[in-house]
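>>> Could you work out the structure for the sequence below:
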Amino acid sequence: MCRIYVLLVSVLIMGCDGSYTDTSQIKNQNRQSTNSDVLSAPLKSHFLIKDKFDQEADVFIVGDEISFELDIKNISEVDVAYQATPPINSFIVKKEGEEIWSQHNGMMFMQAMTVGKIAPNDSLIFTAKWSGKDNEDVLLQPGRYEVFSNLVLFVGEQAIEVPNSKWIVLN
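Modelled structure (predicted):
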């Protein structure tokens with residue numbers, strides 16, 4: 001029993017070394033993604049960016065709260081089983097290709113498999129609120145920014161299709 005405990009503690013310590021790894025890099029390294037690896041049906045994804053009035057928008061005032069929402073809907077007639085590793089979804093903001101804000105900046109996650117089912121016509125919904133500040137908590141300047149949803153969700157061996165990034169403008 002003591003050996004099992006020592007092994008478990010060793011694995012946890014190795015997994016919690018204080019560094020953050022972008023899950024999109026893990027996905028791209030471990031999965032040689034082709035069009036046949038991407039599953040679009042029976043799940044449909046929809047990525048929304050909303051203003052402080054909960055209306056879909058792409059132009060915002062600097063400092064306004066912006067909401068991100070990713071909806072993964074089961075459009076089939078049967079339950080769909082999925083597997084994922086935390087964080088299942090992360091929203092990321094970039095300027096000229098450089099990450100300036102990440103929903104999970106500075107957080108650590110245990111690499112454990114999560115499993116679940118989505119009933120017919122039900123959805124998994126991921127949300128985040130962003131204050132228009134970078135990872136150092138500095139308010140961003142007006143400009144054009146690209147927002148990504150980084151989804152790590154599988155049905156069987158197939159990755160769920162990730163919606164395209166969206167552009168927003170801060171005035």
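
>>> make it CA atoms for all contacts and neighbour counts henceforth
OK.

>>> Packing partners of the lengthiest strand in the chain?
Using DSSP state E to define each element, the chain has its longest strand at strand 80-95. Judged by 3 or more C-alpha pairs under 8 Å, 6 or more residues apart in numbering; DSSP states H and E, the packing partners of strand 80-95 are strand 98-102, strand 114-118, strand 143-155.

>>> highest average neighbour count across these?
Most buried of the helices and strands packed on strand 80-95 by mean neighbour count (mean count of other C-alpha atoms under 10 Å) is strand 143-155; its value is a mean of 19.

>>> I'd like to check the angle between that one and strand 98-102, please.
70 degrees (axes from the mean of the first three to the mean of the last three C-alpha atoms, to 10 degrees).

>>> Neighbouring strands of strand 143-155 in the sheet, and parallel or not?
Strands that pair with strand 143-155, judged by DSSP bridges, come out as strand 80-95 (antiparallel), strand 158-160 (antiparallel), strand 166-170 (antiparallel).

>>> and it, how far from the chain's centre?
Relative to its chain's centre, strand 143-155 lies at 6 Å (C-alpha atoms, centre = their mean, to the nearest Å).

>>> contact partners of it?
With C-alpha atoms under 8 Å, 6 or more residues apart in numbering as the test, strand 143-155 has contacts from 23-24, 27, 39, 47, 70, 80-85, 87-96, 159-160, 162-171.

>>> quick one: that strand to strand 114-118, angle?
Going by the same axes, to 10 degrees, strand 143-155 makes 90 degrees with strand 114-118.
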